[in-house]
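Colleague: Let me see the structure of the following:
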Amino acid sequence: MEIILKQDVNNLGGKDDIVKVKDGYARNFLIPNGIAVTASESMKKVHAENIRQRAHKEAKVRETAKANAEKMKDIKLTIGAKTSSKGKIFGSVNTIQIAEALSAKGYDIERKNIIIKEDLVKEIGSYTAKIKLHKEVSVEISFEIVSE
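Modeller: Have a look, this model is predicted:
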């Protein structure tokens with residue numbers, strides 16, 4: 001039986017894949033649990049149209065992310081932190097402070113999309129962070145830690 005998956009299933013396929021499975025598996029597990037639908041001719045047409053529309057929307061989102069990446073690549077952030085006399089930071093600088101500094105510059109980036117290259121930022125200096133704007137688009141920005 002051919003089915004269209006509504007979500008990812010381990011060892012079977014990803015969302016929106018059309019796969020062939022045994023009839024009992026589809027009728028007794030996948031379809032009743034809402035994981036899949038039967039791949040009739042009409043459902044295949046609807047599925048193809050949904051994929052086409054999603055691809056069009058995805059292209060727009062990707063272009064917007066590329067434009068934002070071009071604007072952001074020249075940003076230099078300065079983050080203040082309390083330090084000792086030797087230049088060690090009390091605590092560490094993490095993605096929350098970088099997200100707040102970006103927000104002050106007018107870019108709303110979620111902190112989960114920011115990856116700091118170094119493991120821990122515990123000293124004054126210059127560092128880089130990778131910001132993921134889209135699954136295919138990311139930009140590296142540099143930030144400097146200064147003493148308050």
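Colleague: Check what pLDDT residue 49 gets.
Modeller: Confidence at residue 49, expressed as pLDDT, is 93.
Colleague: Which helix or which strand is home to it?
Modeller: Element membership of residue 49 [criterion: DSSP states H and E] is helix 41-72.
Colleague: Export the next helix or strand after that helix to CSV, keeping only CA atoms.
Modeller: Using DSSP H and E, the helix or strand that follows helix 41-72 towards the C-terminus is strand 76-81. What follows is strand 76-81, C-alpha atoms only, in CSV (Å, rounded to 0.1, in the frame of the first residue of the first chain):
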residue,chain,number,x,y,z
LYS,A,76,30.9,44.4,15.1
LEU,A,77,29.3,44.0,18.6
THR,A,78,30.8,45.2,21.8
ILE,A,79,29.6,43.5,25.0
GLY,A,80,30.5,44.7,28.4
ALA,A,81,31.2,42.4,31.3
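Colleague: For strand 76-81, what does the pLDDT average out to?
Modeller: 90.
Colleague: For that strand, which helices and strands make contact with it?
Modeller: Helices and strands touching strand 76-81, by 3 or more CB pairs under 8 Å, 6 or more residues apart in numbering; DSSP states H and E, are strand 88-93, helix 95-105, strand 138-147. Where C-beta positions appear, they are placed from N, C-alpha and C, glycine not excepted.
Colleague: partners of that strand in the sheet?
Modeller: Take DSSP bridges as the rule and strand 76-81 pairs in its sheet with strand 138-147 (parallel).
Colleague: Could you list the buried residues of the partner strand?
Modeller: 139, 141, 143, 145 (16 or more other CB atoms under 10 Å).
Colleague: and this protein, what are its domains?
Modeller: Taking automatic domain parsing as the reference, the chain has its domains at 2-66, 69-147.
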